[in-house]
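In: the sequence isn't on hand, but the structure is:
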């Protein structure tokens, strides 16, 4: 295929605005998939994606339309998976921006537009769901014009469900810049090969085809996704920017420095379709002989081992998780199964990081890093469904940077790892930059919520009848129930997007929780000193509800160091030991009650309290 006839594009939108449905209609119209094989959300192959109605993993597919080769990358819409979106934007020249005609521009819409503009992509604005009774097309058109500065005639109104006007979108893609258009990622050698028939290297005859000229250009391909196949090994999804990748050639990862074999190359339709080679401008897959995705990280540049490129493509980035939680099997016998399961998931999810963790109460488990709470929820569900594991998940926390008095700097991922406060000079916590879009009438409620979370409003702007609130807040305060509270206080009309800003020094303390005088490390958390007392009272009350009563009195305490800041008491079960006395002898009753009292005191010293798994997630939903 001539590079002038190749169009690489992705679909970006807020969650549930119809990206996957639009992709389905495109595949149907271009006859990529036969009608009898068509089903809703065809590119969402994971069971969880279909069940929740969201896209979790980006998926490429190749279509043919009016003599053009269209390479689509379907991207996720949730803020937790924005890294997947940024990766796909590096591999394409065009982005289709989908906006729901009933909801208008949302927070993730703005975030994705900014990402696309940073990459200097050609944006095609599309309004979806125009056939719904609640659709307000004119109003949403005004919002898009304010955002992009485009003409009203540039905006295409479609119904992805019925297929109305989807062909107009395909025609707009054909008119968009080709893979042959000027790009920041294309090398000077490739540009000169396209511009003339002058050989790029000596030994190539004048007048040869562009394809032969491009063969002489060193290969550079961007890895925008990878996963591990149990039967075939590591499979890479790549966009070829320079040169040609033949089957069975030896390849090299420029950033990782690892070498491997391209056992098979091809395109996705959406199933794998093998080819003899991938050429410049194409999006396809490489089946390698690598054993782990750590050897070919997402964002790395693939080149040929025999004639390597000198400079890698931009976009190599190590993604760092900023939400951590402990995963423990209910039975310690399942620890090995849990570890093997996480290792398998990590092979196809480069954002997943884990390390062993041991708790006196919960036993052996793993501390796992995630990109957000939804990412954590997805991994937990996959572990429970695909590997039949029964898990206890501890309260999620973020990472903290600690400077010791000696000048040494360490990073902790759990409050239990914090050294003695006498040795600590400074603790820095991560702050995020957030963006909330909300109706004008609800601005006051949202600002109050931000202040409650120790946040600060930085900017307030308007898109038609809605406000865009920019703010900064500590990551830890947004982890638990911020999103739920936001939806509640705005009756579901607000949308929220965030990204990591920096680490800031704050007056932070570790709050420990004691059950029956025993410190439970898995319940410990970090918080600001001003919030510690309220947090202690709140959590001890919640623990009182979930920990069952014993035959002896149990004290629930919150403490900062040796200072107790809150206490609740779970009363003991009282067996009526006087029921067997049929006379009214007070001395005999007193004697039996005294004996019971001594027995309860002895049980309190030696009795073991069984803490249910609900106690470890008590801070996920602190509000009743």
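Out: Yes, it's here. From a predicted model like this one, the values you see are computed outputs, not experimental measurements.
In: would you map the helices across the stretch 201-350 of the chain?
Out: When secondary structure is read from DSSP state H, counting those that start in this stretch, the stretch 201-350 of the chain shows helices at 210-215, 335-348.
In: average pLDDT for the lengthiest helix in the chain?
Out: Longest helix in the chain, counting residues (DSSP state H): helix 586-606. Helix 586-606 shows a mean pLDDT of 73.
In: just to revisit the earlier point, hey, least reliable of the helices of the stretch 201-350 of the chain by pLDDT?
Out: helix 210-215 (a mean of 58).
In: not counting its neighbours along the chain, what's nearest residue 443?
Out: Among residues not flanking residue 443 along the chain, residue 467 sits closest, at 5.2 Å (C-beta to C-beta, 6 or more residues apart in numbering). Placement of C-beta: from N, CA and C, glycine included.
In: quick check: beta-bridge partners of the one you found?
Out: residue 438, residue 462 (DSSP bridges).
In: my guess is it contacts residue 439, does it?
Out: Yes - contact criterion C-beta atoms under 8 Å: residue 467 and residue 439 qualify, at 7.5 Å.
In: so those two - more neighbours on which side?
Out: residue 467 (19 against 14; other C-beta atoms under 10 Å).
In: now do the contacts for the more buried one.
Out: 437-440, 443, 460-461 (C-beta atoms under 8 Å, 6 or more residues apart in numbering).
In: just the buried residues from these, in ChimeraX please.
Out: Paste this into ChimeraX to select the buried members of those, with burial taken from 16 or more other C-beta atoms under 10 Å:
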select :437,438,443
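In: closest to residue 428 among the contacts of residue 467?
Out: residue 460 (27.9 Å; C-beta to C-beta).
In: state the helix or strand in which the nearest residue to residue 134 once chain neighbours are set aside lies.
Out: Leaving aside its chain neighbours, residue 134 sits nearest to residue 102 (4.5 Å; criterion: C-beta to C-beta, 6+ apart). Assigned by DSSP states H and E, residue 102 falls within no helix or strand.
In: can you check residue 70 too?
Out: strand 68-74.
In: which outside residues touch that strand?
Out: 1, 5-11, 19-20, 23, 26, 30, 43, 55, 58-64, 88, 91-92, 170, 173-174, 224, 282-283.
In: just stretch 305-313 next, same as before
Out: Contacts for stretch 305-313 (C-beta under 8 Å, 6+ apart): 90, 185, 187, 218-220, 222, 241-243, 249-252, 254-255, 259, 300-301, 303.
In: state the mean pLDDT of the stretch of helix or strand residue 544 belongs to.
Out: Take DSSP H and E as the rule and residue 544 turns out to sit in helix 529-546. Helix 529-546 carries an average pLDDT of 91.
In: with stretch 165-177 instead?
Out: The model assigns stretch 165-177 a mean pLDDT of 93.
In: how about stretch 268-275?
Out: pLDDT averaged over stretch 268-275 gives 87.
In: kindly report the same for stretch 498-510.
Out: 89.
In: with stretch 16-25 instead?
Out: 85.
In: got the buried residues for that stretch?
Out: Buried, per 16+ other C-beta under 10 Å, within stretch 16-25: 17-25.
In: can you give me the strands in the stretch 201-350 of the chain?
Out: Chain-ordered strands for the stretch 201-350 of the chain, with DSSP state E, counting those that start in this stretch as the definition, fall at 220-229, 233-242, 244-246, 250-253, 259-268, 272-275, 277-279, 283-288, 301-304, 323-329.
In: mind putting those strands into a markdown table with mean neighbour count and distance to residue 376?
Out: Shown next, in a markdown table, are the strands of the stretch 201-350 of the chain (neighbours: other C-beta atoms under 10 Å; distance: least, C-beta to C-beta, whole Å):
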| stretch | mean neighbour count | distance to residue 376 |
| --- | --- | --- |
| strand 220-229 | 23 | 20 |
| strand 233-242 | 24 | 24 |
| strand 244-246 | 20 | 36 |
| strand 250-253 | 20 | 29 |
| strand 259-268 | 19 | 29 |
| strand 272-275 | 14 | 31 |
| strand 277-279 | 21 | 36 |
| strand 283-288 | 24 | 29 |
| strand 301-304 | 24 | 31 |
| strand 323-329 | 24 | 6 |
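In: for the ones you listed, which has the smallest mean pLDDT value?
Out: strand 220-229 (a mean of 85).
In: next up, the contacts around residue 130.
Out: Counted by C-beta under 8 Å, 6+ apart, residue 130 has contacts 101, 137, 157-159, 164.
In: and those residues as CSV, adding distance to residue 416, secondary structure and neighbour count?
Out: Shown next, in CSV, are those (distance: C-beta to C-beta, whole Å; DSSP: H, G, I helix; E, B strand; the rest coil; neighbours: other C-beta atoms under 10 Å):
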residue, distance to residue 416, secondary structure, neighbour count
101, 49, coil, 24
137, 54, helix, 14
157, 55, strand, 19
158, 52, coil, 25
159, 53, strand, 21
164, 56, strand, 15
